[in-house]
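Q: Sequence first, then the predicted structure:
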Amino acid sequence: MNATLTLADPRAARRLLAEETMFRDLEARATEAHFARIRAGRVESRETGALHLDVLRDLKRINGHLTAAADPVLDRVGELLPSRLRQDAADI
């Protein structure tokens, strides 16, 4: 991440975006695991549910802000798509 911000390194920016994808997967698995514990009747998971989900949401937001640093670097070298929307979503 540091190289992305300080050196405007496109390679580091691409790695940062690749890590964003891994983070999204980890966040989704952590959320599902939490809900599975609640469904299993674990009292401690029900008691801490809101806090757990708030922390995951906040980490997701922090990750989004950090990975946004890659956008101007990749845009400068012509590697950023004009839109992050899927092609079929544009028809909506």
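A: Sure, I can see it.

Q: need the next SSE after the top helix by length along the chain, C-terminal direction.
A: Counting residues, the longest helix in the chain under DSSP state H turns out to be helix 10-39. Moving toward the C-terminus from helix 10-39, the next helix or strand (DSSP states H and E) is helix 43-47.

Q: can you give me the offset of that next one from its chain's centre?
A: 26 Å (CA atoms, centre = their mean, to the nearest Å).

Q: same deal with stretch 68-81?
A: On CA atoms, centre = their mean, the centre of stretch 68-81 falls 17 Å from the chain's centre.

Q: what pLDDT, on average, does that stretch get?
A: Averaged over stretch 68-81, pLDDT sits at 86.

Q: now swap in stretch 36-46 and tell me
A: 91.

Q: Give me the distance between the two termini of it.
A: Start-to-end span of stretch 36-46 (CA to CA, to the nearest Å) is 11 Å.

Q: Mind pulling up the pLDDT for Q87?
A: At Q87, pLDDT is 61.
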